[in-house]
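# Next input, structure requested:
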Amino acid sequence: MRVLVLHSDISPDAPPDELDTLIQAEAVAVALAEKGHHAERAPFAPSTLRMLLERVRPDAVFNLVESVEGAGERAPLAPEMLAQLGTKFTGNASEPMTRTGNKPLVKRIFRDAGHPTPDWTEPPHWHALAEHGRYVVKSATEDASLGLDDEAVVIGCAAVRARAQLCRERFGGRWFAEEYIEGREFNVAVLEEDGAPRVLPIAEMRFEQWEKQRPRIVGYGAKWDTESPDAVNTVRVFGWDETEPELNARLSHLAREAWHLFGLSGYARVDFRVSERGEATMLEINPNPCIAPDAGFAAAAAQAGFSYADMVEKILASARVRT
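Just a heads-up that it's a prediction; the model follows:
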């Protein structure tokens, strides 16, 4: 096949979480070539997309667009335009990406369907904000752990409001507060096979040599500063399911429920927190998770017995015109 690997249009001095899209694009192009496909890489630009497609004439587009002009919430524009132009592409359609890109909305839909998710509150009124409650202040629309560090976990109304205001000033966008769940964290990678979701082996993120008073969250430093102690001590662990089959089954079930509830396709990741009482709660859904060779999705695929090129080929096999 002739495949266009479409990625975010970013500047050379972009932060690590944005530069990662170029790493993914190169790795995917190499993997496609390994499988005998002809791959060409290009950045996504709305004004020139039609001309790009006319020049390349791809059989399919491998969509790796995670942001448009630096805004993650505009990423759905790429699949929207590809669908309008009648082009087959990988990953999720525009509508599911738009819905899952709004984290408070995801939580509302998930809870309305009867599934568990931590309590949350949003500005400007911050309804039901508990005076002595412990919260994580998060971006409502951006991923990659933007703005997540130890100071993002706060206690009480005044601290939530102050942190949200600080993040608005520093990063822009909308921010909300989610109840902090003391416990364990799990990433569930889901891959489409023959039109159905396949849950790959589930990773637990363990916080080793972590100071007792520190919140256990996968912050920006742990994700993107690979030499930092946080990155070194945040360890991805597989195989825990052998001794906890019921929890594994529960997380797998909830991930499939999320897949069907939001009409996902191609591939996605669902993140969970499991409380000290063993209660699994959904945190968020990533409709276009990082698939770089060193990322969690590729690690889960490897645990399932797929090489990196096999994983890329399976994602390509699910490409279609998605409306």
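# And for residue 67, the neighbour number?
Applying other C-beta atoms under 10 Å, we find 25 residues neighbouring residue 67. Using the backbone N, CA and C atoms, a C-beta is placed for each residue, glycine as well.
# Please report how far the residue nearest to it when sequence neighbours are not counted lies from residue 28.
Spatial nearest neighbour of residue 67, chain neighbours left out: residue 8 (5.0 Å); criterion: C-beta to C-beta, 6 or more residues apart in numbering. Using C-beta to C-beta, to the nearest Å, residue 8 is found at 13 Å from residue 28.
# anything in contact with each of those two?
With contacts taken as C-beta atoms under 8 Å, 6 or more residues apart in numbering, residue 8 and residue 28 have residue 64 as neighbours in common.
# Neighbours of the residue nearest to residue 67, how many?
When neighbours are counted by other C-beta under 10 Å, residue 8 registers 25.
# quick one: the strands in this structure?
2-7, 38-43, 60-64, 120-121, 134-139, 153-155, 175-179, 183-193, 196-199, 203-207, 234-237, 267-275, 280-286 (DSSP state E).
# what stretches of the stretch 51-200 of the chain score poorly on pLDDT?
Along the stretch 51-200 of the chain, the model assigns pLDDT under 70 to residues 144.
# Quick one, which of the strands of the chain gets closest to residue 250.
Minimum separation from residue 250 across these (C-beta to C-beta) falls at strand 280-286, 5.2 Å.
# how big is the angle separating that closest one from strand 134-139?
Orientation check (axes from the mean of the first three to the mean of the last three C-alpha atoms, to 10 degrees): strand 280-286 against strand 134-139 gives 10 degrees.
# What strands flank strand 280-286, and is each parallel or antiparallel?
strand 267-275 (antiparallel) (DSSP bridges).
# pull the CA atoms of the strand it pairs with into CSV?
What follows is strand 267-275 as a C-alpha-only set of coordinates in CSV (Å, rounded to 0.1, in the frame of the first residue of the first chain):
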residue,chain,number,x,y,z
TYR,A,267,-6.6,1.9,18.9
ALA,A,268,-7.0,3.8,22.2
ARG,A,269,-5.9,3.7,25.8
VAL,A,270,-8.0,3.9,28.9
ASP,A,271,-6.5,4.9,32.2
PHE,A,272,-7.7,3.6,35.6
ARG,A,273,-7.1,4.1,39.2
VAL,A,274,-7.8,1.3,41.7
SER,A,275,-8.5,2.4,45.2
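# Could you figure out how far that strand is turned away from strand 175-179?
Per the same axes, to 10 degrees, the angle that strand 267-275 makes with strand 175-179 is 50 degrees.
# which outside residues touch strand 267-275?
Under C-beta under 8 Å, 6+ apart, the answer for strand 267-275 is 90-92, 100, 118, 181-192, 247, 251, 254-255, 258-259, 280-289, 291, 296-297, 315, 318.
# Now a PyMOL select for only the buried ones of these.
Selecting just the buried residues from the contacts of strand 267-275 in PyMOL takes one command, with 16 or more other C-beta atoms under 10 Å as the test:
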select buried, resi 90+91+92+100+118+181+183+184+185+186+187+188+189+190+191+192+247+251+254+255+258+259+280+281+282+283+284+285+286+287+288+289+291+296+297+315+318
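# Check whether residue 171 really touches residue 138, as I assumed.
No. Look at residue 171 against residue 138 with C-beta atoms under 8 Å: they stay out of range, at 11.1 Å.
# more crowded one of the two?
residue 138 (27 against 12).
# residue contacts, the more buried one?
By C-beta under 8 Å, 6+ apart, the residues touching residue 138 are 103, 147-148, 152, 175-178.
# Rebuild these as CSV, extending it with distance to residue 51.
CSV is the format used below for those (distance: C-beta to C-beta, whole Å):
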residue, distance to residue 51
103, 35
147, 37
148, 39
152, 42
175, 38
176, 39
177, 44
178, 43
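# Mind checking which of these are buried?
103, 147-148, 152, 175-178.
# what sits against residue 59?
Each residue near residue 59 by C-beta under 8 Å, 6+ apart is listed here: 1-3, 88.
# Most widely separated two among the residues you listed?
For these, the farthest-apart pair by C-beta to C-beta is 2 and 88; their separation is 11.2 Å.
# ok, back up a step: residue 222: which of the strands of the chain is closest?
Across the strands of the chain, residue 222 has its closest neighbour in strand 234-237 (4.3 Å, C-beta to C-beta).
# domains for this structure, by residue range?
As given by automatic domain parsing, the domain ranges for the chain are 2-95, 99-115+182-317, 120-179.
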